[in-house]
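# fold the following.
(one chain, ligands or ions: 2)
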Amino acid sequence: MARSWHIGVIGGSGLAEGLGLDNAQEIAVESPFGAPSGPVTQGWLGGVKFSFLPRHGRGHALPPSAVNFRANIDALKRCGVTDLLSLSAVGSLQEAYAPGQFVAVDQLIDRTQGRVGSFFGPGLVAHVSLADPVCPRLAELLIQAARQAGGMVHPTGTYVAIEGPQFSTRAESRLYRQWGADVIGMTAFPEVRLAREAELPYAMLAMVTDYDAWREDAAGVEAAEVFAIMKANAALAREAVRAFAALLPSERVASPIDTTLDTALATAPAARDSRMMAMLDAVAGRVLR
Ligand SMILES: CSC[C@H]1O[C@H](OP(=O)(O)O)[C@H](O)[C@@H]1O
Ligand SMILES: Nc1ncnc2[nH]cnc12
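Numbers count the residues shown, from 1 in each chain. Ligands and ions are numbered 1, 2, ... in the order given. Model prediction:
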């Protein structure tokens with residue numbers, strides 16, 4: 001039977017206040033992976049169910065390195081989310097990606113360090129493909145939606161994730177440009193990896209807030225600049241999500257990402273760790289039961 005859409009949204013910098021959902025209710029979701037960034041707000045937009053989680057917690061209390069990405073994805077999966085949208089502030093590494101514009105990120109490079117990057121591990125090994133980390137179907141709808149909302153949207157872009165919390169040196173910024181990266185942030189990893197492991201189609205709408213540090217005569221990034229641009233454009237991001245809800249087909253069409261784990265598990269049933277299996281009841285229960 002076709003499942004209805006239930007859209008999870010992880011709101012980044014400047015978006016902790018939420019989406020303005022109808023009939024919104026806040027719920028505390030417990031996860032075996034620890035505390036999520038905060039309570040999940042559930043509600044509706046145009047007849048579609050949404051669950052919203054502020055990535056940095058209420059009042060932006062969590063730096064990127066302290067976000068419990070596993071708990072966040074697990075909590076949203078436990079809520080019954082079928083698809084996931086990430087809203088993020090990013091710096092630009094290309095002249096053409098100007099502050100105030102949106103980017104539908106389609107490729108990513110991981111430069112984070114020391115974050116826990118998988119739900120799986122000793123006792124339950126899985127290898128999922130991340131060649132195409134973003135769901136093209138969700139991305140296409142997001143692009144259309146952000147344009148309808150009045151945003152200028154780049155339909156592709158490569159995101160490099162740094163550990164932070166400091167912004168990059170000029171040499172790093174120039175290096176990432178040479179690698180072909182278009183935008184830079186601190187949070188897409190391991191979020192995008194974990195979403196795939198949890199069989200959640202994921203798409204990312206990034207809002208350009210600054211030009212990072214590569215421009216010869218310009219000053220480096222200041223956080224205040226990022227927050228000011230996000231504040232000025234948060235309403236546009238919310239409007240894009242509203243338009244996205246209106247564009248969704250009435251019935252959810254199954255995605256190949258829904259069954260990622262069918263071919264990913266490496267550990268033989270007899271060698272599986274029962275404690276791991278219990279922790280992964282939401283993320284991987286579909287293939288473990
Ligand atoms: C406040 S500037 C740096 C901060 O903003 C971005 O957050 P998010 O991706 O959650 O919007 C960036 O990744 C840093 O965490
Ligand atoms: N220049 C930048 N570097 C890293 N993360 C960011 N988030 C917003 N702007 C950023």
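# can you map out the strands along the stretch 51-200 of the chain?
83-92, 102-105, 107-111, 153-154, 158-162, 183-185 (DSSP state E, counting those that start in this stretch).
# next, count neighbours for the closest residue to ligand 2 within the stretch 51-200 of the chain.
Distances from the stretch 51-200 of the chain to ligand 2, computed as Cβ to the nearest ligand atom, single out residue 91 as the nearest residue at 2.2 Å. Every C-beta, even on glycine, is put in place using the N, C-alpha and C of the backbone. Burial of residue 91 is recorded as 28 neighbouring residues (other Cβ atoms under 10 Å).
# that one reaches residue 182, doesn't it?
No: between residue 91 and residue 182 there is no contact, the gap being 10.1 Å when judged by Cβ atoms under 8 Å.
# secondary structure element for residue 282?
Taking DSSP states H and E as the criterion, the element that holds residue 282 is helix 281-288.
# who are the packing partners of that helix?
Using 3 or more Cβ pairs under 8 Å, 6 or more residues apart in numbering; DSSP states H and E as the contact criterion, the elements in contact with helix 281-288 are helix 69-78.
# about what we covered before: show me whatever sits in contact with both of residue 91 and residue 182.
Counting by Cβ atoms under 8 Å, 6 or more residues apart in numbering, no residue touches both residue 91 and residue 182.
# return the distance of residue 73 relative to ligand 1.
Residue 73 is 14 Å from ligand 1, where distance means Cβ to the nearest ligand atom, to the nearest Å.
# now do the same contact list for that residue.
Contacts for residue 73 were tallied using Cβ under 8 Å, 6+ apart; they are 84, 119, 191, 194, 195, 198, 200, 283.
# which of these tops the neighbour count?
Among those, the one with the most neighbours (other Cβ under 10 Å) is residue 195, at 30 neighbours.
# if you skip the residues just before and after it, what's nearest to it?
On the basis of Cβ to Cβ, 6 or more residues apart in numbering, the spatially nearest residue to residue 195 that is not a chain neighbour turns out to be residue 202, at 4.0 Å.
# please, where are all the helices along the protein?
Under the criterion DSSP state H, the chain carries helices at the ranges 69-78, 136-148, 170-178, 188-197, 223-247, 274-279, 281-288.
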